[in-house]
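In: quick one, fold the following:
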Amino acid sequence: MCMNSKYDKYFQLKDNAQAYGVSKIELDKRVQVKFPSFLINILDKEFPNANRSELITRAVTDYLLQHLRIKTPDLVLLHIEEQRDLDVMWNYLEERQGNNE
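Out: Here you go, the predicted model:
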């Protein structure tokens, strides 16, 4: 994979994070990790029917996105701008729904 921009990794992670809600992400590499048993017990209790690999992949993706935002100040600005755009859209939709009622 060729990374042309300093933001490519971030946007690839972001695309993957958004894809979780829409489609399956291919889990194509096996790793062995150890966790404290109390974490696995909580994970299993909170998400009894979930695939652990998918949950852990989501958590790592979110962590890496957060890490890259902190590491690259420009990404914080992109994130803030994106959130502002989402807030504007949400307010518009709420206002539109209020006018239809």
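
In: nearest residue to the middle of this structure?
Out: In the chain, the residue lying closest to the centroid (Cα atoms, centre = their mean) is A17, at 3.7 Å.

In: so it is in which element?
Out: Here A17 sits within helix 8-19, counting by DSSP states H and E.

In: chain center to the lengthiest helix in the chain, what's the gap?
Out: Looking across the chain with DSSP state H, the single longest helix is helix 73-100. Computed by Cα atoms, centre = their mean, to the nearest Å, the chain-centroid distance of helix 73-100 equals 18 Å.

In: kindly report the same for stretch 32-46.
Out: 20 Å.

In: stretch 28-40 now?
Out: Using Cα atoms, centre = their mean, the offset of stretch 28-40 from its chain centre is 19 Å.

In: what comes up buried for that stretch?
Out: The neighbour-count check on stretch 28-40 (16 or more other Cβ atoms under 10 Å) flags nothing as buried. C-beta coordinates here come from the backbone N, C-alpha and C atoms, glycine included.

In: hmm, who's touching that stretch?
Out: Stretch 28-40 is contacted from outside by R52, I56, using Cβ atoms under 8 Å, 6 or more residues apart in numbering.
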